[in-house]
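*Asks:* fold the following, please.
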Amino acid sequence: MTAPTAGLLRAPRRKGMMGSQTVLPLVAAVERRLGTEAVAQLLDEARFLHLPDPGEPVRERQVAVLHQSLRRNHPDTAEEIQREAARDAVEWIMANRMPARARLLLTNMPYPLAVWMLGRHAVQNAWTFGGSGKFSILGTNEFQLIDNPTVRGEHSASPICVWHEELFQHTFRRMAHSRLRCVETSCMAAGADACRFRLEMEPAPSGA
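*Replies:* Numbers count the residues shown, from 1 in each chain. So this is what the prediction gives:
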């Protein structure tokens with residue numbers, strides 16, 4: 001989820017593009033865990049002739065194939081890799097797209113207000129993580145992504161958008177409240193009409 005910046009990230013003129021942070025951290029995590037041969041195979045299947053530069057838009061079809069190929073070819077490690085990549089994407093966004101003043105402001109305001117502000121900026125910059133999908137806020141703690149490119153055409157018995165789930169969770173934990181948890185409650189791959197996510201507050205540690 002894109003964090004507040006000094007200004008909106010300008011959407012590409014071409015439709016169906018996503019941010020490079022849907023790709024670069026994932027490729028790096030695959031290389032760390034599975035090696036260069038696994039990276040080469042995934043990039044070949046997604047038809048990447050070269051990796052994008054940080055901040056460069058990427059075709060959503062390539063992003064989708066990359067994520068789907070990882071799930072298909074490496075089912076035992078795909079979830080851990082996607083979650084690691086999502087956290088790294090958030091850290092990059094915070095370091096490179098979010099002024100220090102904005103970070104300080106968010107972390108010092110009441111967390112419901114920080115959640116609202118983060119949600120607003122997510123809607124404005126939704127192309128970076130949702131491509132041509134339609135992202136919207138359903139309430140103070142729930143949001144949805146209709147026609148999520150990364151699961152388009154896939155079928156599963158349960159929700160599989162762990163990259164988005166972790167992206168949202170890490171964003172809100174880092175910038176709103178450390179005990180916020182994000183759960184995907186419905187998924188288009190599992191037959192739902194949208195991929196929906198809900199924020200929950202984890203209980204405080206015993207004795208805190």
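
*Asks:* can you give me the end-to-end span of stretch 135-149?
*Replies:* Its first and final residues considered, stretch 135-149 spans 12 Å by C-alpha to C-alpha, to the nearest Å.

*Asks:* what's in contact with it?
*Replies:* 16, 18, 60-61, 63-64, 112, 115-116, 119-120, 122-123, 126, 129-134, 161, 164, 168, 185, 188, 193-200 (C-beta atoms under 8 Å, 6 or more residues apart in numbering). No exception for glycine: its C-beta is placed from N, CA and C like everyone else's.

*Asks:* out of those, list just those in strands.
*Replies:* 18, 134, 185, 195-200 (DSSP state E).

*Asks:* tally of neighbours for the nearest residue to residue 115 once chain neighbours are set aside?
*Replies:* Of all residues not flanking residue 115 in the chain, residue 176 sits nearest, at 5.0 Å (C-beta to C-beta, 6 or more residues apart in numbering). Neighbour count of residue 176, defined by other C-beta atoms under 10 Å: 23.

*Asks:* hmm, back to that, of all the ones in strands among the contacts of stretch 135-149, which comes closest to residue 86?
*Replies:* Closest approach to residue 86 among those (C-beta to C-beta): residue 197, at 12.5 Å.

*Asks:* got a pLDDT number for residue 9?
*Replies:* Residue 9 carries a pLDDT value of 55.

*Asks:* ah, wrong one, I meant residue 55
*Replies:* 89.

*Asks:* confirm it sits in a helix?
*Replies:* No - Residue 55: not assigned to a helix; according to DSSP: H, G, I helix; E, B strand; the rest coil it is coil.

*Asks:* would you confirm that it contacts residue 12?
*Replies:* No - contact criterion C-beta atoms under 8 Å: residue 55 and residue 12 do not qualify, at 11.3 Å.

*Asks:* and the nearest residue to residue 79 once chain neighbours are set aside, what is it in contact with?
*Replies:* Leaving aside its chain neighbours, residue 79 sits nearest to residue 162 (5.0 Å; criterion: C-beta to C-beta, 6+ apart). Going by C-beta under 8 Å, 6+ apart, residue 162 touches 79, 82-83, 86, 184.
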